[in-house]
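Trainee: model this:
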Amino acid sequence: MPMPTGGAWPPVNVAPAYDMYRDWDAWYIGDPDALFRAYQRRAHTGLDVPPSQRVRPSQFAGGVMGVVSRWLWGAPPPVSTRDSRLHIPLPSDLAATAAGLLLSDSPTITAEAPEAQARIEELMAGGLIKALRQAAEAGSALGDVYLRPVVDTVVSPTAAICTAVHADQAIPVFRWGHLVEVTFWSELAGNDRQVIYRLLEHHDVVEGRGRITYRLFKGKERELGRSVPLAEHPDAAEFAQLPEGVQLTGLSRLDVVHVPNAGPQRLWRKQANLKYFGRSDFDGNEQIFDRLDAAWTSWMQDLWIARGRITVPEYMLQNLGNGQGAGFDAERAIYVGLNMMPNQPGQGAGITATQFEIRHEAHRATTDALLEVAMRHSGLSAQTMGEEGDVAMTATEAGARERLSYITRGDRIAAWGPGVAAYVELHMEVEQIHGMSRVEPVRPTVEFSDGVSESPKQVAETIQLLRAAEVISIETGVRMAHPDWEDPQVSEEVDKIKKDRATSGDDPGAALAGYARGDNEGGDPTEE
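Mentor: Have a look, this model is predicted:
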């Protein structure tokens, strides 16, 4: 598919995806105004809503007809009272947690060639992992992310820059699930709100040569408009010097790596190109997010309504003057008694306190249930989000409690492992083409950690038991205790341990081994 040349924006073939991107983006941002605008836009345009269910004017007069108005964020705000709707940022927390579950610990990226390995370590030290984690978070929210190396000698004269393009700024073309071309776009700043400039860059491969084609369009919110010279906008003027706005990448393949978040696709599984899009963690969770906000809003409204109030008889009020009404002095200690029968009920002679019940238990149970459903639908266990308290547990117990999260993590690794490997190779190839590096590009091996971090105490106990069973060496024990150490550091530590033992004449490992055998040859290590 060539670059769009005009017509509706976004293009019709990706419009269903972009309709959902607006909703997911609003949930990801977490701004109540953005949520209201997203659902009101859907209400007014009728996107993905049958004509019989679209918003009618009666809804804005207090009616309940239509689908969108049944959502907390789809209903018009109240006119006579303050808008008390509140938002819980669960969607953004889910996206951040999913990214952290995958990349909280840096993956191990290795290459056989020493020069390539050294360059990979430089990339990781230069911020590659940070860029990947940010990309993973956006991919969790929107379903897809696209990685590409950018050469900008002004910003980084000696290395390419790892950048990520989010799904709602890309129009991809897939063939049998493989990305073959993609158009990235961005809106450029302007002074006229009625006119929108869009810069489109189309990445493809023609006759074995990779290229990027730049075009500038002047249109409106829902129209791409007409193509104008690149020099017409200052932010696109730098591309005007390219012959016909085309830049050759020097590659024989696409200069973009696509990493889907999850699969298979559910929303558009029957639509040709869209069925290869990744699946968002928000897909199917929108109603749960909305109901969670409704429950939270109700809970906070209970707090507002249940504020303590007192009712006082009229004689306790002080006249504030003509037109000023009356007031009550809460600090006053003495009042004149009334001439009435003692113990006369129902006369309103005293101060009456009013305190409504706060239904905190019911609201908490509701929000907890909604949270659990949302997390389970996203493939996360409650423990992953810290919903089971701060009880200390071993790595084995943590893994059992978070089984669903680790299953999901395994699925994400299946996509991110090859994606990261392909990107690192592409990054090194781009640097070689632009003379930034002489390292021969290779596709590295990417290994992710097990995702469970043991405490120093647990590591020490494990090493002690293995040493007692005589199944590991001192060097292996040091590496287990310090997995981030280099070989010289490990060797130095091993020498120090041997020297200390030779000086003291004590071998704790032998003592523990004897105790483990039950012959007590080495003595009981528990004895003083």
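Trainee: Could you say which helix or strand holds the residue nearest to the spatial centre of the chain?
Mentor: In the chain, the residue lying closest to the centroid (C-alpha atoms, centre = their mean) is Ala95, at 2.4 Å. Using DSSP states H and E, Ala95 sits in helix 90-103.
Trainee: how about that helix: buried residues?
Mentor: 90-99, 101-103 (16 or more other C-beta atoms under 10 Å). Where C-beta positions appear, they are placed from N, C-alpha and C, glycine not excepted.
Trainee: likewise stretch 30-41?
Mentor: 30, 32, 34-36, 38-40.
Trainee: same deal with stretch 9-22?
Mentor: Quick answer for stretch 9-22 (16+ other C-beta under 10 Å): 9-10, 14, 16-22.
Trainee: Restricted to helices, list the residues you listed.
Mentor: Using DSSP state H, the members of those that fall in helices are 16-22.
Trainee: Out of those, the closest to Pro264 would be?
Mentor: Ala17 (15.2 Å; C-beta to C-beta).
Trainee: Surely Pro32 touches Ser84?
Mentor: No - Pro32 lies out of contact with Ser84 (C-beta atoms under 8 Å); the separation is 10.7 Å.
Trainee: Just the endpoints, please. Distance across stretch 474-488?
Mentor: 15 Å (C-alpha to C-alpha, to the nearest Å).
Trainee: how much distance is there from stretch 268-285 to the middle of the chain?
Mentor: Counting by C-alpha atoms, centre = their mean, to the nearest Å, stretch 268-285 is centred 18 Å from the centre of its parent chain.
Trainee: contact partners of that stretch?
Mentor: Stretch 268-285 has contacts (C-beta atoms under 8 Å, 6 or more residues apart in numbering) with 13-14, 16-17, 20, 23-24, 27-28, 91, 94-95, 98, 139-144, 167, 172-174, 177, 259-267, 289, 374, 377-379, 415.
Trainee: same deal with stretch 295-310?
Mentor: Under C-beta under 8 Å, 6+ apart, the answer for stretch 295-310 is 72, 84-88, 351-360, 363-364, 366-367, 370.
Trainee: try 7 Å this time
Mentor: 72, 84-86, 88, 351-359, 363, 366-367, 370 (C-beta atoms under 7 Å, 6 or more residues apart in numbering).
Trainee: Send me that stretch as CSV with only the CA atoms.
Mentor: Once non-C-alpha atoms are left out, stretch 295-310 reads as follows in CSV (Å, rounded to 0.1, in the frame of the first residue of the first chain):
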residue,chain,number,x,y,z
ALA,A,295,-17.7,2.6,42.2
TRP,A,296,-14.9,4.9,43.3
THR,A,297,-17.0,8.0,42.6
SER,A,298,-19.8,6.5,44.6
TRP,A,299,-17.5,5.8,47.5
MET,A,300,-16.1,9.3,47.5
GLN,A,301,-19.6,10.7,47.2
ASP,A,302,-20.5,8.8,50.3
LEU,A,303,-17.7,10.6,52.1
TRP,A,304,-19.0,13.9,50.8
ILE,A,305,-22.6,13.2,51.9
ALA,A,306,-21.6,11.7,55.3
ARG,A,307,-19.9,14.8,56.5
GLY,A,308,-21.0,15.5,60.1
ARG,A,309,-23.8,18.2,60.3
ILE,A,310,-25.7,19.7,63.2
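Trainee: Quick one: mean pLDDT over it.
Mentor: Averaging pLDDT along stretch 295-310 yields 79.
Trainee: Buried residues in that stretch, which are they?
Mentor: Per 16+ other C-beta under 10 Å, stretch 295-310 contains these buried residues: 295-299, 302.
Trainee: before we move on, what about stretch 281-293?
Mentor: For stretch 281-293, by 16+ other C-beta under 10 Å, it's 281-283, 285-286, 288-293.
Trainee: picking that back up, now render the buried residues of stretch 295-310 as JSON lines, adding secondary structure and distance to Leu128.
Mentor: JSON lines is the format used below for the buried residues of stretch 295-310 (DSSP: H, G, I helix; E, B strand; the rest coil; distance: C-beta to C-beta, whole Å):
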{"residue": "Ala295", "secondary structure": "helix", "distance to Leu128": "41"}
{"residue": "Trp296", "secondary structure": "helix", "distance to Leu128": "38"}
{"residue": "Thr297", "secondary structure": "helix", "distance to Leu128": "41"}
{"residue": "Ser298", "secondary structure": "helix", "distance to Leu128": "45"}
{"residue": "Trp299", "secondary structure": "helix", "distance to Leu128": "43"}
{"residue": "Asp302", "secondary structure": "helix", "distance to Leu128": "48"}
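Trainee: Name the nearest of these relative to Val442.
Mentor: Trp296 (50.9 Å).
Trainee: hang on, the earlier thing: so which of the buried residues of stretch 281-293 is the closest to Met124?
Mentor: Among these, and counting by C-beta to C-beta, the member closest to Met124 is Asp281, at 26.1 Å.
Trainee: Grab the nearest non-local neighbour of the closest one.
Mentor: Ser378 (4.3 Å; C-beta to C-beta, 6 or more residues apart in numbering).
Trainee: likewise Val256?
Mentor: Arg148 (4.8 Å).
Trainee: That neighbour: which element?
Mentor: strand 144-150.
Trainee: how about low-confidence regions in the stretch 351-500 of the chain?
Mentor: Counting by pLDDT under 70, the stretch 351-500 of the chain shows low-confidence ranges at 354-355, 383, 385-401, 451-455.
Trainee: try it again with 80
Mentor: 351-358, 382-403, 406, 449-458, 484 (pLDDT under 80).
Trainee: In it, mark out all the strands, start to finish.
Mentor: 352-354, 445-447 (DSSP state E, counting those that start in this stretch).
Trainee: What's the biggest helix in this protein, counting residues?
Mentor: helix 403-433.
Trainee: Now do that helix against strand 144-150, angle only.
Mentor: 30 degrees (axes from the mean of the first three to the mean of the last three C-alpha atoms, to 10 degrees).
Trainee: what packs against helix 403-433?
Mentor: Packing partners of helix 403-433 (3 or more C-beta pairs under 7 Å, 6 or more residues apart in numbering; DSSP states H and E): helix 90-103, helix 114-125, strand 144-150, strand 257-260, strand 445-447.
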